[in-house]
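**Q** pasting the structure only:
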Ligand SMILES: Cc1cc2nc3c(=O)[nH]c(=O)nc-3n(C[C@H](O)[C@H](O)[C@H](O)COP(=O)(O)OP(=O)(O)OC[C@H]3O[C@@H](n4cnc5c(N)ncnc54)[C@H](O)[C@@H]3O)c2cc1C
Ligand SMILES: Cc1cc2nc3c(=O)[nH]c(=O)nc-3n(C[C@H](O)[C@H](O)[C@H](O)COP(=O)(O)OP(=O)(O)OC[C@H]3O[C@@H](n4cnc5c(N)ncnc54)[C@H](O)[C@@H]3O)c2cc1C
């Protein structure tokens, strides 16, 4: 059995954390070949070759592969699919865009957001916002899978895989890239941070989110938000934690002014330690928190920032 | 142009899903069912495109059990013009996978020739996030997933997408697939007169067999279990105690 793993490449650079987590998830399924695709992807390929457990790296460079548009990326993967029993990727928004397309082109089901590998055909995945875990056995000849990165430890360094280039296959130009609006930040990435400080509707405004950010910066943490905070314009969309945002499992998650709706819990309840600060002692977030503090966040969070 | 909006009947998002004692799945008997929230956003977007004059007709489609009629009536009450119900299961517990749903939708597209299909980015029951992308593949169309803004410009649509790093804007040639993210719009409530009017709007009933699509699942559900529950911890009286506890645990 052999695995083709779509590496997470952004603007020519490999997202090592997401890719290495998928490598450790996929290792038991067979020899792992990582595909790095982009307008430029050679440097990403070099980085992927160093991940422990990677047997081979394929680099595909073509202008059509820039910005990870779904149609050319899916066509490339399908052209390579013949040699592999499993085609996998970390469950990033890019991969969630591409992999179901790959699966349908191969006439197989996609298995999204896999959180556990039972055997080569059998996988666990959360459904209903994580309120149930389903074990599914695939009858398809090829398996197309995305892995929920928060449940796998990243594979380490120390690999020295061979790197080959592959040619881009033909793909019709159905879409084109116009622009990216990427928030520049010195903070760690939300999905790989050791500590996450999140704010909810209780924070009240974009201006007041600085209180949350100050604590995060003191701790070297990433900043998260509830959907209500994002919808209200207090925080950008890429900060959303939850069923339909990012799934995180840091060592420490501090929820400030967040009530604890199931859709939010779906994105953070696997954190090792959860702290909740909420002025309502009835807030459901306290039912999952290791440490709960009933307080006004505008008193408690600055005090915490000062004392830590 | 015509727009097709697939809408799915799912457990209401306010209801906590319960796993059945025999581990065969989530209990869907006697629980409140509603339209998948992302599909409400899809219907709303289609209506707004119609109000702007970019769209002439909105067709809502649902695939599943007969009861999905109610979901279609909701779409009609919001403002869809007509509806198609594809009955593919008798038992409310039956599984119809995104690949089979996409295959049926591809046949509906062949018949109806819409310029755009707007789907939800994911259904909140199975959280698969797949049907739109699969349909795009089967039709050979372009796809713009996780949309937070859609602007139709002649033969193309400019779509802003919510991605891990922030926002990405792409242009996709029509006909195309769009899937909705949370911040695309705020869906309207159907007014009482519109709910009454919706009862008279056409709702055509078909079966999966009419389209010659085999809906048998590729994924066998081995078991469904409750996740390990997290135990509530302790309440701390003040910030100093909290700081002490966190230091004790060595996380700060
Ligand atoms: C389809 C769908 C998908 C969704 N996906 C997500 C998702 O991915 N992520 C997500 O987070 N949500 C998601 N939601 C929304 C979710 O249901 C909740 O509405 C949301 O999480 C609520 O956010 P909140 O806790 O910030 O706001 P609220 O529920 O309004 O809670 C605010 C809390 O702040 C507290 N508070 C107020 N002022 C203060 C103060 N000064 N000091 C301390 N505490 C204070 C209040 O006591 C309250 O508990 C989704 C919903 C749907 C329907
Ligand atoms: C009556 C019925 C009962 C079910 N019971 C269970 C169950 O108990 N346990 C279980 O695990 N699964 C069940 N399923 C199956 C599961 O819901 C399917 O996998 C589903 O059809 C695809 O949803 P998804 O969340 O995986 O798709 P996604 O790819 O996440 O859905 C994305 C979008 O595709 C469109 N879409 C998806 N499905 C349909 C549809 N049927 N009709 C119209 N548009 C659609 C919607 O626009 C939706 O927003 C049931 C399905 C049906 C029809």
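**A** On my side now, so go ahead. Since this is a predicted model, take the numbers as computed values, not measurements. Ligands and ions are numbered 1, 2, ... in the order given.

**Q** every contact and neighbour count from this point should use C-alpha atoms.
**A** Noted.

**Q** residue contacts, residue B:137?
**A** Counting by Cα atoms under 8 Å, 6 or more residues apart in numbering or on different chains, residue B:137 touches A:101-102, A:104-105.

**Q** and with 6 Å instead?
**A** A:101, A:105 (Cα atoms under 6 Å, 6 or more residues apart in numbering or on different chains).

**Q** show me the residue sitting in the middle of the chain in space.
**A** Picked chain A for this. residue A:92 (4.4 Å; Cα atoms, centre = their mean).

**Q** apart from its neighbours in sequence, what residue is nearest that residue?
**A** Once flanking residues are discounted, residue A:92 sits nearest to residue B:164: 6.9 Å by Cα to Cα, 6 or more residues apart in numbering or on different chains.

**Q** burial of that neighbour, as a residue count?
**A** 20 (other Cα atoms under 10 Å in any protein chain shown).

**Q** and the gap between it and residue A:246?
**A** 8 Å (Cα to Cα, to the nearest Å).

**Q** now do residue A:299
**A** 28 Å.

**Q** these two: which is more packed in?
**A** Neighbour tally, residue A:299 and residue A:246, criterion other Cα under 10 Å: the higher count belongs to residue A:246, 24 against 11.

**Q** that one: what's it in contact with?
**A** Contacts of residue A:246 by Cα under 6 Å, 6+ apart: none found.

**Q** measure it to ligand 2 for me?
**A** Taking Cα to the nearest ligand atom, to the nearest Å as the measure, residue A:246 falls 16 Å from ligand 2.

**Q** need the contact partners of stretch B:167-180.
**A** A:174-181, B:115-121, B:136, B:141-147, B:155-161.

**Q** who's in contact with the closest residue to residue A:191 other than its chain neighbours?
**A** Nearest residue to residue A:191, sequence neighbours excluded (Cα to Cα, 6+ apart): residue A:248, at 5.2 Å. Shown in contact with residue A:248 (Cα under 6 Å, 6+ apart): A:150, A:191, A:267-268.

**Q** what does the most centrally placed residue in chain B show for phi and psi?
**A** Centroid-nearest residue in chain B: residue B:120, 3.6 Å away (criterion: Cα atoms, centre = their mean). Backbone torsions for residue B:120, taken as degrees, to the nearest 10, come to phi -70, psi 150.

**Q** and if you look at residue A:171?
**A** The phi/psi pair for residue A:171 (degrees, to the nearest 10) is phi -140, psi 130.

**Q** ditto for the one 3 residues further on
**A** Reported as degrees, to the nearest 10, the phi and psi values for residue A:174 are phi -100, psi -20.

**Q** how much space between it and residue B:5?
**A** The gap separating residue A:174 from residue B:5 is 21 Å, by Cα to Cα.

**Q** where along the chain do the helices fall?
**A** Since you didn't name a chain, this refers to chain A. A:16-26, A:42-49, A:70-80, A:93-105, A:209-219, A:227-231, A:262-265, A:297-307 (DSSP state H).

**Q** um, chain B though
**A** Going by DSSP H, chain B shows helices at B:37-51, B:68-78, B:98-112, B:131-139, B:192-198, B:239-249.

**Q** so which of those is nearest ligand 2?
**A** helix B:131-139 (3.6 Å; Cα to the nearest ligand atom).

**Q** and the closest one with helix A:93-105, angle?
**A** Using axes from the mean of the first three to the mean of the last three Cα atoms, to 10 degrees, the inter-axis angle of helix B:131-139 relative to helix A:93-105 is 40 degrees.

**Q** and helix B:131-139, average pLDDT?
**A** For helix B:131-139, mean pLDDT rounds to 98.

**Q** is ligand 2 contacted by that helix?
**A** Yes. Helix B:131-139 is in contact with ligand 2 by Cα under 6 Å from any ligand atom, via B:131-132.

**Q** where does the stretch 151-300 of chain A come near chain B, residue by residue?
**A** Within the stretch 151-300 of chain A, the residues that sit near chain B (Cα under 6 Å from any Cα of the partner chain) are A:174-182, A:238, A:287-293.

**Q** any of the residues you listed buried? List them.
**A** A:174-177, A:180, A:238, A:287-293 (16 or more other Cα atoms under 10 Å in any protein chain shown).

**Q** what is the nearest of the residues you listed to ligand 1?
**A** Among those, and counting by Cα to the nearest ligand atom, the member closest to ligand 1 is residue A:293, at 9.3 Å.

**Q** okay, that closest one and residue A:279: tell me how far apart.
**A** Per Cα to Cα, residue A:293 is found 8 Å from residue A:279.

**Q** swap in residue A:93?
**A** In terms of Cα to Cα, residue A:93 sits 34 Å off from residue A:279.

**Q** what's the local residue count around the closest residue to residue A:132 other than its chain neighbours?
**A** Closest residue to residue A:132 apart from its sequence neighbours, by Cα to Cα, 6+ apart: residue B:226 at 4.8 Å. Other residues near residue B:226 number 18, with proximity taken as other Cα under 10 Å.

**Q** and residue B:226, how far is that from residue A:75?
**A** Distance from residue B:226 to residue A:75, by Cα to Cα: 38 Å.

**Q** what does residue B:7 give?
**A** Residue B:7 is 28 Å from residue A:75, by Cα to Cα.

**Q** more neighbours, the two?
**A** Remark: of residue B:7 and residue A:75, residue B:7 carries more neighbours, 28 against 21, as counted by other Cα under 10 Å.

**Q** the closest residue to residue A:267 other than its chain neighbours and residue A:224: what is the separation?
**A** Leaving aside its chain neighbours, residue A:267 sits nearest to residue A:242 (3.7 Å; criterion: Cα to Cα, 6+ apart). Distance of residue A:242 to residue A:224, given as Cα to Cα: 10 Å.

**Q** who has more neighbours, the two?
**A** The residue with more neighbours, out of residue A:242 and residue A:224, is residue A:224; 31 against 23, by other Cα under 10 Å.

**Q** for the residue nearest to residue A:191, what are phi and psi?
**A** Torsion angles, degrees, to the nearest 10, at residue A:248: phi -130, psi 150.

**Q** re earlier: can I get the buried ones among the residues of the stretch 151-300 of chain A next to chain B in JSON lines including pLDDT?
**A** Below are these laid out as JSON lines (pLDDT from 0 to 100):
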{"residue": "A:174", "pLDDT": "96"}
{"residue": "A:175", "pLDDT": "97"}
{"residue": "A:176", "pLDDT": "96"}
{"residue": "A:177", "pLDDT": "97"}
{"residue": "A:180", "pLDDT": "94"}
{"residue": "A:238", "pLDDT": "95"}
{"residue": "A:287", "pLDDT": "95"}
{"residue": "A:288", "pLDDT": "96"}
{"residue": "A:289", "pLDDT": "97"}
{"residue": "A:290", "pLDDT": "98"}
{"residue": "A:291", "pLDDT": "98"}
{"residue": "A:292", "pLDDT": "98"}
{"residue": "A:293", "pLDDT": "98"}
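
**Q** thank you, goodbye.
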